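Undergrad: Compute the structure for the input listed below.
(2 chains)
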Amino acid sequence: MIGTDIPVLNDTINIMTPFLLAATGGLYSALAGVLNIALEGLMLNAAFFSIVFTMATGNIFLGILGGIAATLLMTLLFGLISLGLKANVFICGLATNLLAGALSIVLAFKIYGQTGSIAFPGMPTLSPIKIPVIHNIPVLGPLLSGYNILVYLSWLFLFLSVIIIYKTPFGIRLRAVGNDANSARSLGINPQRIKMASFLISGFTCAIGGAFLSLTLGAFVPNVTSGRGWIALAIIYLGKKTPFGVLLGAVIFGFVEYISNFLQAVSNFPAELLLSLPFFTTVVILIAFSIIEERYMKKRRPLSEAYCEEPEEPIEPQVP
Amino acid sequence: MRRDSTIKNRIATLLGVFLSIGVAFILAIGLIFVLSEDPKTTLFCYFLGPFMDRFTFFNMLAASIPLIFSGLGMAIAFQSGVVNLGGEGQIFSGAMICLIVGTALPSLPKFIGIPLVLLSSILFCGFLAGISGYLRKRWNVSDLLSTYLISMGIVSVINFLILGPLRDTNKITIQSISLPSSYLLKRIMLPSYLNTGIILALLVAVGLHFFMYRTHRGYELRVTGSNRDFARYAGIHVGKYYLIPMFLSGGVIGLGGAIEVVGRYQAVFSNLTAGLGWNGIAVALIARNNPIAVVPAALFYAYLSAGAKYAMIHSDLTSEFASIISAIIFYLVTAEAAYSFIRRRIGK
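TA: Model prediction:
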C-alpha cells in the first residue's frame, strides 16, 4: 500500500471536487437558513450545458462559462419562485431537480437527436496543470500539483468562503438571517435579498462542480451527478455548517467513492453493489454522527436537568 | 360565518391548484412550439392523444394505479409532518420483494398467494421507510436525507439482482425472471394493461381517508403533522408519529410497486419506477395531501405523461417532456402568493 499512497490521495482529491464545490455553495444557503435541495439538479444542469456549449464553441472555457450562465438562470428561476411567489423552498428544490433531469434529456433529443450519453470525437477535456516550483518537491509536489483548473478553483472557493462568511459584512448578514430572519429584518437587512444571493452562490459553485463532472469525462451521461448533490447536503449538515467541516466531509466522501471506484476496477465484486456503497456509508456516518452528538450533548448537560438544551433539529423542511 | 370562510378558503385552494395547472399548460403549449418541428400534430397528440383510442385511454388508467399508491404514501407522510423522499426505492423494492416471494412459493392457490406477496411487499417497504422514522425518533437523523440515501442504495442493490442472480437469460431485454402466472391479477379492459389493481387502489384511498379523518390515531397524526410542539403539549406521544407515518407511507408506496408486478409487468426491470416516487410527491401536492383527492390528481398526472408518450410515438416529442410540465406544476402549486391573491379576490 505504501507505493500507492499518493495516487490514493490524488484520486480522492479529484473525486471529492464536485462534493466540495456543491457543499461549499450549499453552505451559504444553509447559513441563510434555507434548505437548498436543488444542489443535485443545479449540478446536473451545469454538467449538461457545459458539454453543450463546449461542443458548440469548441472551447472548454466558453463551455464552462455557458454552463455557469445556464445554471445561474435556473437558480434565478428557483429563487424567484420560492422567494418571490413564496412557494415552498423544499418543493421548489425538488422541482429544480426534476426540471434539470428532464431538460437535459429533452434538449439532448432536440439538439442531437438522441437521449443517451452525448460525446463527440475530439472533445476537449480538462488538462492537468503543473504548478512550476511546487511540482518538483518530492511529496508535496504530486500532492498539490497536477490537477485541473476546476480543482484549484474549488480550493480557492473554500478558502474565500472562510473569509466571506466570517470576515465580511455580507457573511455576518448571511448568518444573521439564518439565525433569525425577523431580527435581521429589524436591523435593516433584507432577508429575501440575502437568501437570493446565497442561492446564486450555490448555483455558481454547483455549476463548476457539474462542469467538472462532465468535462473530465468528456461526455454528458444522463444522471451523471447520481446523488452527489444529496450527499453534499449531508456533508453540510455533518460539517456543522462550517467551511472546515465541509472540507472534512468532502474528503471523507471523496475517499468512500474512491474505494467504490477502486474495488470496481480491481475486484470482480459486482459494480451495482459497489454503487450503493456511498449511499449506505452516508447513512451510517449520519447515524454515527448523531449518536456521538447525543452523547456529547448529554455530557454537557448540567446535573439538575433544569437547563436542558433541545437537540438541534436536523435538516427540517417546511412540509407543505 | 366561520364555515363560510373555510369554504372560501377551500375554493381559493382549488382555484390556486387549477391556476398552476393552467399556467403549466400554457407553458407546455409554448414549449411544444419551440421543441417540435410540427407543433400542430404534437399539440394534438399531447393534449388529446390519450383519448384517441381505447388502448391508450385504458393504459392511461393503468398508469394511474402506481401513481395513486405513491401519491397516497406521500400524502400521509406530508400530512404527518415527515418527509419521505425514498419513493423510488420503495416502489422498486416493493416490486422486487413481491417477485421474490412469488417465485419462492410458486404453487400457492391464488387467493392466498396474491395477498401474501402484496403483504410481504407492504411489510418490507414499510420497514425500509420505518428505519428512517426510527432513526429520526431515536437519534434525530434527518428523515429527508436518510429516506433518499437508503432508497438510492436499495435501487443499486435491486439493479444488481436484476443483472445478476435473478436475471432471465432467455429474454433479449434485461429483466428479471417472471412471476408464476397464477399470481397475476385479472386484466379488465383487454388489450390494455388495466387490471383489478385499480379497485384495490381506490379501496386503499378510501381506507386511508377514513383512517386520517375519522379515527383517533389519524387525528393525532394530523395534529402532530401540523404542529409537533403543540401535539407534545397536548399529551400526544409524538415520537411514535415518526415511526407510524413512515411505515404507512413506505408500505403503501411499496404496495404500488408490487401491484405493478402482479398487475402489469410480471417481472422487474431497471427502469420500472421511472420517476414514480417523485411524481407521487407532485400528486400529493396537487391533492393537498387529501387521500381521496389523490385519485383525481393521479389520473391527471397519468394523463400528462400519457399525452407525452402518445406524442413520442406519433410525433417528435420525448416522453420526458411530461417531467418538465410536472416540474412547472411543482414550482407553482405551493406558491403562497397566488393563493393569498385569490383569497383576497374572493373575499371581496
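
Undergrad: which element is B:Ser247 on?
TA: For the record, residue B:247 is Phe, not Ser. Assigned by DSSP states H and E, B:Phe247 falls within helix B:240-260.

Undergrad: could you give me the average pLDDT of stretch B:158-170?
TA: Stretch B:158-170 shows a mean pLDDT of 87.

Undergrad: So which other helices or strands are in contact with the helix holding B:Phe247?
TA: Applying 3 or more CB pairs under 8 Å, 6 or more residues apart in numbering or on different chains; DSSP states H and E, we find helix B:240-260 packed against helix B:54-79, helix B:87-104, helix B:110-139, helix B:143-163, helix B:197-214, helix B:216-226, helix B:276-286. For the C-beta atoms, the positions are set from N, CA and C on the backbone; glycine is no exception.

Undergrad: These into a markdown table, with extra columns for mean neighbour count and distance to A:Gly210?
TA: Shown next, in a markdown table, are those (neighbours: other CB atoms under 10 Å in any protein chain shown; distance: least, CB to CB, whole Å):
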| stretch | mean neighbour count | distance to A:Gly210 |
| --- | --- | --- |
| helix B:54-79 | 26 | 28 |
| helix B:87-104 | 27 | 21 |
| helix B:110-139 | 21 | 28 |
| helix B:143-163 | 24 | 18 |
| helix B:197-214 | 17 | 38 |
| helix B:216-226 | 18 | 35 |
| helix B:276-286 | 28 | 20 |
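
Undergrad: Format those helices as JSON lines; extra columns: distance to chain A.
TA: Formatted as JSON lines, the helices and strands packed on helix B:240-260 follow (distance: least, CB to the nearest CB, whole Å):
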{"stretch": "helix B:54-79", "distance to chain A": "5"}
{"stretch": "helix B:87-104", "distance to chain A": "10"}
{"stretch": "helix B:110-139", "distance to chain A": "4"}
{"stretch": "helix B:143-163", "distance to chain A": "4"}
{"stretch": "helix B:197-214", "distance to chain A": "15"}
{"stretch": "helix B:216-226", "distance to chain A": "7"}
{"stretch": "helix B:276-286", "distance to chain A": "6"}
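
Undergrad: which one of the ones you listed lies closest to B:Met246?
TA: Closest approach to B:Met246 among the helices and strands packed on helix B:240-260 (CB to CB): helix B:110-139, 3.1 Å.

Undergrad: now for the closest one, which elements pack on it?
TA: Counting contacts by 3+ CB pairs under 8 Å, 6+ apart, helix B:110-139 is packed against helix A:277-300, helix B:87-104, helix B:143-163, helix B:240-260.

Undergrad: Mind doing that once more with 10 Å?
TA: If you count contacts as 3 or more CB pairs under 10 Å, 6 or more residues apart in numbering or on different chains; DSSP states H and E, helix B:110-139 packs onto helix A:277-300, helix B:54-79, helix B:87-104, helix B:143-163, helix B:240-260.

Undergrad: Can you give me the buried ones in the helix holding B:Phe247?
TA: For helix B:240-260, a neighbour-count test (16 or more other CB atoms under 10 Å in any protein chain shown) marks B:241-260 as buried.

Undergrad: mind checking how far it is from the chain centre?
TA: 11 Å (CA atoms, centre = their mean, to the nearest Å).

Undergrad: what mean pLDDT does that helix have?
TA: The model assigns helix B:240-260 a mean pLDDT of 92.
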